[in-house]
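A.B. asks: Give me a model of this one.
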Amino acid sequence: MSKYIDSLLKISLSSLVFTASMLATTSTTISATETQSSITKIAQVKPSTTTTNSVGGPLAKELQGKPVIVDVFATWCGGCKNIAPTLSQLKQKYSGKVNFVVLDVTDRAKLKQTEAMAQKLGLGKFLKANKSKTSTVAIIDPATGNILAIYQNNANKADYTKILEKALKGV
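C.D. replies: Below you'll find the model as predicted:
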């Protein structure tokens with residue numbers, strides 16, 4: 001009887017170790033998947049918690065009446081190259097319906113020109129907060145200066161289209 005109980009205990013212990021091992025592996029797999037998903041979401045939507053929800057007030061007169069897409073761009077930026085086809089498609093689709101502003105931060109000379117233009121357009125505060133965050137694209141309500149959406153290196157056209165369609169209905 002003692003041998004039988006001993007064997008049963010060994011089998012139960014082996015089964016328990018195997019089950020624990022499988023749970024740990026599954027948990028690790030889920031955690032890795034969830035982590036990657038979270039990283040992707042963070043990379044695409046709201047890249048920073050320090051980004052405000054407003055550019056500080058209404059935008060310039062020439063930007064009024066149409067939603068504004070603001071692109072923080074640099075020629076050396078890999079993320080900018082990644083999203084360029086999407087932004088090009090949006091420009092074609094929304095030509096005449098949306099204002100597009102490119103804030104070029106490629107080098108000091110460009111940045112100086114861009115800072116002057118951003119101030120004139122009411123985007124000075126936005127540029128100051130995002131000039132080191134190339135491949136950032138924001139959709140802004142020009143009447144209020146509210147940021148409707150902000151993305152970092154997001155090439156998903158549907159994300160932009162959803163916000164733009166909603167903004168166009170409200171404008």
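A.B. asks: any idea what sits nearest Glu115, other than its immediate chain neighbours?
C.D. replies: The shortest distance from Glu115 to any non-neighbouring residue, by C-beta to C-beta, 6 or more residues apart in numbering, is to Leu127 (6.3 Å). Yep, even glycine has a C-beta here, placed from its N, CA and C like the rest.
A.B. asks: Check Ala118 too.
C.D. replies: That would be Leu127: by C-beta to C-beta, 6+ apart, it lies 4.1 Å from Ala118.
A.B. asks: helices or strands next to the helix or strand hosting Lys162 in the packing?
C.D. replies: Per DSSP states H and E, Lys162 falls inside helix 157-170. Applying 3 or more C-beta pairs under 8 Å, 6 or more residues apart in numbering; DSSP states H and E, one finds that helix 157-170 contacts helix 78-93, strand 136-140, strand 147-152.
A.B. asks: For these, state which one has the densest average packing.
C.D. replies: strand 136-140 (a mean of 24; mean count of other C-beta atoms under 10 Å).
A.B. asks: Now tell me what touches it from outside.
C.D. replies: Defining contact as C-beta atoms under 8 Å, 6 or more residues apart in numbering, one finds that strand 136-140 is touched by 47, 55, 59, 67-72, 83, 87, 126, 130, 146-152, 154, 160, 163-164, 167.
A.B. asks: which residues does Thr75 contact?
C.D. replies: Thr106.
A.B. asks: Surely it is in a helix?
C.D. replies: No: under DSSP: H, G, I helix; E, B strand; the rest coil, Thr75 sits outside any helix and is assigned coil.
A.B. asks: Columns mean pLDDT and distance to Asp104 on top of the helices and strands packed on helix 157-170, output as a markdown table?
C.D. replies: Below are the helices and strands packed on helix 157-170 laid out as a markdown table (pLDDT from 0 to 100; distance: least, C-beta to C-beta, whole Å):
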| stretch | mean pLDDT | distance to Asp104 |
| --- | --- | --- |
| helix 78-93 | 97 | 10 |
| strand 136-140 | 98 | 13 |
| strand 147-152 | 97 | 17 |
